[in-house]
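**Q** what would the 3D arrangement of this be:
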Amino acid sequence: MIDMSPNIVLVVAIGALFITGVYLLLERSLTRVLIGFILIGNGANLLFLVAGGRAGGPPIIGQTPVEDMSDPLPQAMVLTAIVITLALTAFILAMAYRSWQLHGHDEVQDDLEDRRIVRLAAKNAPTYNDTDSIEDSETIDEQAAEARDETGNGVA
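**A** Predicted structure coming up:
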């Protein structure tokens, strides 16, 4: 029977790459976000290769016995992940460079909605007014009588 257990060093390396990458993704600097994304991409690539099993011969029928063939799917997924990571790296680099040109730094700032929610949370106020929960003394018939008629025929 073939031993299919992964190397513990590779498992620890995958965990370290993911943990460090997630930590850096939570930062405000686009440079750190970029490094975090690259680390997570490399961790995912290593995870695909470890999950693919042991190395084997080329998966060509007639050249390698079936039990000795390697699985080509993890290799194809790693190549796809490399392309996606490269494209997102270029995009984040462009955003960081533009931010550096405009503001002199690459920190992501809070937008106005974030600031409004923080102020409301500090006052322990609701973020919106719920008009359905307010009790009215009028009935639905009284409200319908006061409603504006937009058809123009004068009948409410």
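
**Q** stretch 43-57: which residues count as buried?
**A** For stretch 43-57, a neighbour-count test (16 or more other Cβ atoms under 10 Å) marks 43-49, 52 as buried. Where you see a C-beta, it was placed from the backbone N, CA and C, and this is true even at glycine.

**Q** which parts of this structure are helices?
**A** 8-25, 30-51, 72-103, 112-123, 140-146 (DSSP state H).

**Q** possible to save those as a markdown table with distance to residue 60?
**A** Listed next are the helices of the chain as a markdown table, based on distance: least, Cβ to Cβ, whole Å:
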| stretch | distance to residue 60 |
| --- | --- |
| helix 8-25 | 27 |
| helix 30-51 | 20 |
| helix 72-103 | 10 |
| helix 112-123 | 56 |
| helix 140-146 | 76 |
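
**Q** winner for burial among those helices?
**A** Highest mean neighbour count among these (mean count of other Cβ atoms under 10 Å): helix 30-51, with a mean of 18.
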